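Student: Sequence isn't available, so here's the structure alone:
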């Protein structure tokens, strides 16, 4: 698992799947607002002229020299909910990301977002 202190160090590193296949480049990390623990990452994928940011969970992620290995296959991540490279994740789309990966979605007591970008 990526610790909150490590987040900035791993930006721009390759994100690979369990078989070592490159998915894309780590763009940003989103932390759980209740725990401040890294929960999701956005991965830059696509052709240089048509890139997008896909979301992938960081549960059980492994850090290596120059890469972050996630537990989901390349094909699964590439089909995940995404945003444009200059976009911000709308609050109403958070739950869609969690459902895609069969994860529990827990907004705050008063409807606060579960994810915050770091």
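Tutor: The structure has been received and is ready for your questions. On a predicted model such as this, the values are computed, not experimentally measured, just so you know. Numbering: from 1, shown residues only.
Student: Every contact and neighbour count from this point should use C-alpha atoms.
Tutor: Noted.
Student: Spell out which helix or strand contains residue 26, please.
Tutor: strand 22-32 (DSSP states H and E).
Student: So what touches that strand?
Tutor: 7, 10-17, 37-46, 53, 74, 77-78, 114-118 (C-alpha atoms under 8 Å, 6 or more residues apart in numbering).
Student: Let me see the mean pLDDT of the helix or strand just after that strand.
Tutor: Using DSSP H and E, the next helix or strand after strand 22-32 towards the C-terminus is strand 38-45. Strand 38-45 shows a mean pLDDT of 94.
Student: list the helices and strands strand 38-45 packs on?
Tutor: strand 22-32, strand 52-57 (3 or more C-alpha pairs under 8 Å, 6 or more residues apart in numbering; DSSP states H and E).
Student: helix, strand or coil for residue 76?
Tutor: helix (DSSP: H, G, I helix; E, B strand; the rest coil).
Student: Next, count neighbours for it.
Tutor: 13 (other C-alpha atoms under 10 Å).
Student: quick one: pLDDT of it?
Tutor: 97.
Student: next one: residue 56
Tutor: pLDDT recorded at residue 56 is 97.
Student: wouldn't it be in contact with residue 41 here?
Tutor: Yes: proximity of residue 56 to residue 41 meets the contact threshold set by C-alpha atoms under 8 Å, at 5.4 Å.
Student: Now do the SS call for the closest residue to residue 113 other than its chain neighbours.
Tutor: Closest residue to residue 113 apart from its sequence neighbours, by C-alpha to C-alpha, 6 or more residues apart in numbering: residue 107 at 5.4 Å. Put simply, residue 107 is coil when judged by three-state DSSP.
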